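>>> can you look at this prediction? I've put the sequence above it.
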Amino acid sequence: MTLETAKYLALFVAEAKDRLAKLGSDLVKLEGAARQKAETAPIVDGLFRHAHSVKGMAASMQQQGIATLAHRAEDLVDLFRRRAATPDPESVDLLLAAVDALTAMVGRAAAGETPEPELALLERLGSALERVRAAGESQPDSASPPRPPAAVGGPPAAQARTPEGEERKQPGETPRRLAVAVEVAASCPVPAVRAFLVVKKLGQFGPVRRASPSVADLKLGRLPGRTLEVVIETASPLATLQRALSQISDLAKVTVEAEGAPSEEAAAPAPPPPSAEPPEGGRTVRVRVELLDSFLDTVGELILATARLRELGRTVPEPYRPSLEEGVDRLNTTVKDLHDQVMAVRMTPLALVTERLPRAARDVARRTGKQVEVEVQGAEIEIDRAILDEVSDGLVHVLRNAVDHGIEPPHLRILAGKPATGRITVTARRERDRVLLEIADDGKGMEPDRLRFSAVAMGALTEAAAAALPDREALLLACLPGVSTAKEVTELSGRGVGMDAVKRTVEALGGALEVASERGQGTRWTLRLPLTVAVQPVLLVDVASEVLGLPIAKVHGAAQVEMARLDTSQGKPVLPYQGKLVPVRDLGSLLGFGSRKERAPRSIVVAEGEGALVGLAVDRLLGQHEAVLKPLLRPLNLVPGLSAVTVLGNGRPVFILDVQRLVAA
């Protein structure tokens, strides 16, 4: 790799990975559309564009190994594009294997390597190419356009091929100068890089005599007016150059003309769907997530500093206080606006994760001999990138469990009166300041009795406690480590690990995991997540002269009562709340501060405990506070019941409690 191409390595890696991710998801869509006898042409066209773009970018970056493998995959997709054959599961499997290999190779290229493809994979693609081509010739598609007849008086080999597979004039013909004008689309985030790729592409057809702006300016990111003019000396016809340039994305207009001749304008590439690219006139840049995290931390420090200034302002003499408070109010407004803008930048569509789910379900279904379709709804909803990164693996795990445990084999589904193909629906929706992610399947459902038996067998519950659990809570036993209803342990699942990690992750983010199931109808897992974890409202309480915080999202209500007047159940105090008896625990005792014995009224906070509501007795309620949460470092992160820390305006650190872990400890 030269110094010239090294400057564009990060951009190449980011865009190549994005193209390959779309290529993989579109392959799953193609297989589903072919199975349902639906129209596949738009999907195949998209596949071809993605494969061709990866090939072109890799060639420009001198990554010939990636370009070779992408070209071989492109050839196979091209057979489907020209309707010379129909997609079959074996071809889709092979193309998905090529996508995985290309993704791994791009990752190695990011580390500065020049990876080469596996020869076995290239041979498999070559064999599939011959097999699919032969199958298409033996069963011609009547809808396929007829091939143009061969030129009379000359063998088919009389036409030479360019590196892109386009027809080229014979070397004996006289080269001529062609003027090429290119306009880069307004939605392209890096127009100079696109223009540089155009120059590199044209250089494959002959020497570039002039470029305006120059190649040196393009490398510096200069492209005034988003237009590029190139003069090339070549024997290739105008149509050949037009077809080659039309495969480069983000070009709004391409014009090719011979010097002194009228221009021939090429059709601009079809614009991408609105959801895939920024809107017209919008400009975007790629920003590292680490930089956004640092930016958010800095804004959090500004919020804390503003709160500190407000506290100090109360000690200023009265004559000077109004002007100081006015300045602090203006600063607070500016900082909050800045925080909102940073959070808007961090907000990421759920599609970043959900577009991986159909491929994950398809892989598990193929390995287990099942048929599954995945439908995603609400992928445009945005959530904090930090939360999305934390729950992405959990979503994939829940989906894999739904395919492996929930969806029945085709013959059993038919016997049960269901379609042979199982259906999994991934739905996202907003609910006030929360995002709800639901993964529902139409499989066999879960059995609460088997979960109770498994929990008792492993010693997690006594038989009496398990029998007393209502079905809704018994279903959550699947989240206990080691509890599983699988009859067989496979490499996919059945060991009872995974769902407990999903539950811990969701609750550590301030969310909750719920499950509902009906025998023979299916199961629905719901992840209730906050929009952001950076700044959260907390309820401050006083316990034994210590100030502690409870996440507002976990608080259901509060009451002022005398502990001695509460009823008891099994020797423990209970609080009547919304038609239920909520057990009451002394928060001071839970934290090791000791409990109060006097008869003075105490405040009881009703919060979400381990699978049920719990009342926490505190000395005083201090009000709500917008907290900038900081993660705990060792050894504090090992203390059960502590989830984060914040700093009040007076500089006092306050621990944020994890009620579920605290009650369960």
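Sure, I can see it.
>>> which residues touch Leu529?
Residues in contact with Leu529 (CB atoms under 8 Å, 6 or more residues apart in numbering) are Ile383, Ile387, Val391, Arg434, Val435, Leu436, Leu437, Val506, Leu509, Gly511. Bear in mind the C-beta positions are built from the backbone N, C-alpha and C, glycine included.
>>> same thing but at 10 Å, please
With contact taken as CB atoms under 10 Å, 6 or more residues apart in numbering, Leu529 is in contact with 383-384, 387-388, 390-391, 428, 434-437, 506, 509-513, 553.
>>> kindly report the same for Val193.
7-8, 11-12, 15, 57, 60, 184, 218-219, 221, 223, 250.
>>> may I see the buried residues of stretch 214-232?
Val215, Asp217, Leu218, Lys219, Leu223, Arg226, Thr227, Leu228, Val230, Val231, Ile232 (16 or more other CB atoms under 10 Å).
>>> alpha carbons only: can I get that stretch in CSV?
What follows is stretch 214-232, C-alpha atoms only, in CSV (Å, rounded to 0.1, in the frame of the first residue of the first chain):
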residue,chain,number,x,y,z
SER,A,214,-5.6,18.0,-10.4
VAL,A,215,-5.0,14.7,-8.7
ALA,A,216,-2.9,16.5,-6.1
ASP,A,217,-5.8,18.8,-5.3
LEU,A,218,-8.2,15.8,-5.1
LYS,A,219,-5.9,14.1,-2.6
LEU,A,220,-6.1,17.3,-0.5
GLY,A,221,-9.9,17.1,-0.5
ARG,A,222,-10.4,20.0,-2.9
LEU,A,223,-13.3,19.7,-5.4
PRO,A,224,-14.8,23.2,-6.1
GLY,A,225,-18.4,23.0,-7.2
ARG,A,226,-18.3,19.2,-6.9
THR,A,227,-17.4,18.9,-10.6
LEU,A,228,-14.5,17.2,-12.2
GLU,A,229,-13.2,17.4,-15.8
VAL,A,230,-10.8,14.8,-17.2
VAL,A,231,-9.2,14.4,-20.7
ILE,A,232,-8.2,10.9,-21.5
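>>> what about the buried residues of stretch 214-232, which are in strands?
Members of the buried residues of stretch 214-232 lying in strands (criterion: DSSP state E): Thr227, Leu228, Val230, Val231, Ile232.
>>> re the thing from before, just the contacts of Val193: which are in helices?
Mapping the contacts of Val193 onto helices (DSSP state H) picks out Leu11, Phe12, Glu15, Met57, Ser60, Leu218, Lys219.
>>> those into CSV, with extra columns for distance to Pro191 and pLDDT?
What follows is those, written out as CSV (distance: CB to CB, whole Å; pLDDT from 0 to 100):
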residue, distance to Pro191, pLDDT
Leu11, 12, 79
Phe12, 16, 83
Glu15, 14, 84
Met57, 15, 83
Ser60, 15, 77
Leu218, 9, 81
Lys219, 13, 75
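>>> in which helix or strand would I find the nearest residue to Ile43 once chain neighbours are set aside?
Nearest residue to Ile43 in three dimensions, chain neighbours excluded: Leu30, at 4.7 Å (CB to CB, 6 or more residues apart in numbering). Using DSSP states H and E, Leu30 sits in helix 9-35.
>>> off-centre distance for that helix?
Computed by CA atoms, centre = their mean, to the nearest Å, the chain-centroid distance of helix 9-35 equals 13 Å.
>>> ok, stretch 106-116 next?
On CA atoms, centre = their mean, the centre of stretch 106-116 falls 23 Å from that of its chain.
>>> now stretch 45-65
Distance of stretch 45-65 from the chain centroid (CA atoms, centre = their mean) equals 23 Å.
>>> list the buried ones in the helix holding Leu30?
Quick answer for helix 9-35 (16+ other CB under 10 Å): 9, 12-13, 15-17, 19-34.
>>> what of stretch 296-314?
Leu296, Val299, Gly300, Leu302, Ile303, Leu304, Thr306, Ala307, Arg308, Leu309, Arg310.
>>> which SSE is immediately downstream of the helix or strand hosting the first one?
This means Leu296. Element membership for Leu296, per DSSP H and E: helix 289-313. Using DSSP H and E, the helix or strand that directly follows helix 289-313 along the chain is helix 321-346.
>>> got the angle for that next one vs helix 289-313?
Here helix 321-346 runs at an angle of 160 degrees relative to helix 289-313 (axes from the mean of the first three to the mean of the last three CA atoms, to 10 degrees).
>>> moving C-terminal of helix 321-346, what's the next helix or strand?
strand 347-349.
>>> ok, that following strand: who's next to it in the sheet?
strand 382-384 (antiparallel) (DSSP bridges).
>>> now do the very next helix or strand once past the partner strand, average pLDDT.
Following strand 382-384 in sequence order, the next helix or strand is helix 385-401 (DSSP H and E). Average pLDDT, helix 385-401: 87.
>>> follow-up on the earlier one: of the contacts of Val193, closest to Pro470?
Glu15 (51.5 Å; CB to CB).
>>> from the buried residues of stretch 214-232, which two are the most distant?
Arg226 and Ile232 (20.1 Å).
>>> give the contact list for Glu408.
Going by CB under 10 Å, 6+ apart, the list of residues near Glu408 reads Lys370, Ile414, Leu415, Ala416, Lys418, Ala420, Gly422, Asp442, Gly443, Lys444, Gly520.
>>> how does it look with 7 Å?
Ala416, Gly443, Lys444 (CB atoms under 7 Å, 6 or more residues apart in numbering).
>>> what's the spacing between the first one and Val515?
Put plainly, it is Ala416. According to CB to CB, to the nearest Å, Ala416 and Val515 sit 22 Å apart.
>>> and stretch 49-68, end to end?
By CA to CA, to the nearest Å, the extent of stretch 49-68 from end to end equals 16 Å.
>>> contacts for that stretch next, please.
Residues outside stretch 49-68 that contact it (CB under 7 Å, 6+ apart) are 1-2, 5, 8, 12, 15-16, 19-20, 22-23, 70-71, 73-74, 77, 102, 105-106, 109, 114-117, 197, 200-201, 247-249.
>>> strands of the stretch 501-650 of the chain, start to end?
512-518, 522-530, 535-543, 546-551, 555-561, 567-569, 572-577, 580-586, 602-608, 613-618, 620-628, 642-647 (DSSP state E, counting those that start in this stretch).
>>> of those, which stretch is the most buried?
Among these, strand 613-618 has the highest mean neighbour count (mean count of other CB atoms under 10 Å), at a mean of 23.
>>> just the helices from the stretch 101-250 of the chain, written as ranges.
119-138, 191-202, 215-219, 238-246 (DSSP state H, counting those that start in this stretch).
>>> what's the closest of those to Pro410?
helix 119-138 (25.0 Å).
>>> so what does the closest one touch, helix or strand wise?
If contacts are counted by 3 or more CB pairs under 7 Å, 6 or more residues apart in numbering; DSSP states H and E, helix 119-138 sits against helix 64-81, helix 89-110.
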